[in-house]
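*Asks:* sharing a sequence plus its predicted fold:
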Amino acid sequence: MLNQIKTLELTVLTKVTHIKDEETLIQYRNDILGKAGELTTILKWLKDLSPEERGTVGKAANETRDIITDAFEAERKRIKKEFIAQKLETEQEDVTVPFSHTKGSLHPITMVQQEVEDTFTRMGFDIYDAMEVTTEYLNFDAVNVPKTHPARDMQDTFWLEGSGHVLATQTSCMQNLIMKNKSTPIKAIIPGRVFRNEDVDATHDNTFYQVEWIVVDKWIGISHLKFTITTMLSDIFGKEVKIRMRPGYFPFVEPGVEVDFSCPFCDGVGCKICKGSGWIEFMGAGLIHPNVIREGGLDPEIYSGFAFGFGLNRLVMIRYGIPDMRYFMSPDVRFLKQF
Ligand code: DAH
């Protein structure tokens, strides 16, 4: 029986070194060491031997079992190592290859904002990002909307309790900061995200984008305002666009105007986009109110300026014929992929 055990040990030790995959190794291990395995069967016979024989054969059988168990473990490690080495050899990946099929693109609001910024950087304007959290003072008081002013109701906002901070309702909230921190002449555009406590529908959202312009210097008048707006719109639509002004009320400008522009899709003839009127109602503008200039630390007897601001969402909707404002904040890639 001792011979049988030693022969088995030798056979196993030779055979395992030739096994190439883990599955075959596990199978072979079972054939030897499993419940009905060869060595296990031999061990079962031990009880039929005489006590002396059982001592020597039992010891040898246990030694063989340990040797074989270690051999299987060593071979398992060898096979694993070979497997990884082979994978590294044959399955190299070039991590520098771009994932072209999942490439993203700029959001349409970002694209148009960058175009506006380009036009005005060329014209020597500075660009300031508007703060999203600002103070009650900058958002309202500094632009001529004191606490008791009814215009506060037009822009219901989100208050950060007890801190005097609000979510900015308009990019006009940067006017005062810029006037106080920049020397004249001031020529700035201020894009930013703003927030209002609104009921959401196809043309209103509680989060949207605006761009504000301010120019402050000596002798700034309404003709500068008109030229600047006409240039911007003509640039955006890639054709000569006319504007018209109607009296409008905004607390921070005097006189204040509502600006419409000639429909670039029908050249003023009348179409679905301009609802047959030939004009698109677009933005608020005006000459900066003397109170706002004074609050900005400048003398309104010497300095004047103009300001205008509009919703970037609306401009992008007009330009691309987007029917619903809610698409902008939605993560629907079918919408985003079109740009
Ligand atoms: N801040 C105004 C709004 O959010 C838009 C606006 C109107 C800006 C007139 C101006 C302006 O600079 O002169 O509705």
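*Replies:* Yes, it's here.
*Asks:* would residue 305 count as being in a strand?
*Replies:* Yes: following the definition DSSP: H, G, I helix; E, B strand; the rest coil, residue 305 is counted among the residues of a strand.
*Asks:* contact partners for it?
*Replies:* 186, 214-217, 220, 287-288, 293 (CB atoms under 8 Å, 6 or more residues apart in numbering). Using the backbone N, CA and C atoms, a C-beta is placed for each residue, glycine as well.
*Asks:* if you set the cut-off to 6 Å instead, what comes out?
*Replies:* Contact criterion CB atoms under 6 Å, 6 or more residues apart in numbering gives 215-216, 220, 288 as the residues in contact with residue 305.
*Asks:* how close does it sit to residue 257?
*Replies:* As defined by CB to CB, to the nearest Å, residue 305 lies at a distance of 14 Å from residue 257.
*Asks:* now residue 178
*Replies:* Here residue 178 is placed at a distance of 22 Å from residue 257 (CB to CB).
*Asks:* show me which of those two is the more surrounded one.
*Replies:* For residue 178 and residue 257, the more surrounded residue by other CB atoms under 10 Å is residue 257, and the numbers stand at 25 against 17.
*Asks:* surely that one touches residue 249?
*Replies:* No: with contacts defined as CB atoms under 6 Å, residue 257 does not count as touching residue 249, sitting 9.7 Å away.
*Asks:* overlap of the contact sets of these two?
*Replies:* Common contacts of residue 257 and residue 249 (CB under 6 Å, 6+ apart): none found.
*Asks:* residues in contact with the strand or helix carrying residue 233?
*Replies:* Of the helices and strands defined by DSSP states H and E, residue 233 is found in helix 222-237. When contacts are taken as CB under 6 Å, 6+ apart, the neighbours of helix 222-237 outside the stretch itself are 119, 240-241, 243, 259, 261, 264, 285, 306.
*Asks:* before we move on, what about stretch 21-39?
*Replies:* For stretch 21-39, the external contacting residues (CB under 6 Å, 6+ apart) are 12, 19, 65, 72, 75, 79.
*Asks:* helices or strands next to the helix or strand containing residue 244 in the packing?
*Replies:* In this structure, residue 244 sits in strand 243-247 according to DSSP H and E. Using 3 or more CB pairs under 6 Å, 6 or more residues apart in numbering; DSSP states H and E as the contact criterion, the elements in contact with strand 243-247 are strand 253-262.
*Asks:* mind running it again at 7 Å?
*Replies:* Contact analysis of strand 243-247 by 3 or more CB pairs under 7 Å, 6 or more residues apart in numbering; DSSP states H and E lists helix 222-237, strand 253-262 as its packing neighbours.
*Asks:* and the longest one, how far out from the chain middle?
*Replies:* Its chain's C-alpha centre and that of helix 222-237 lie 31 Å apart, by CA atoms, centre = their mean, to the nearest Å.
*Asks:* show the contacting residues for the residue of the chain positioned farthest from its centre.
*Replies:* Within the chain, residue 50 marks the point farthest from the mean C-alpha position, 80.8 Å out by CA atoms, centre = their mean. Contact partners of residue 50, counting by CB atoms under 7 Å, 6 or more residues apart in numbering, are absent.
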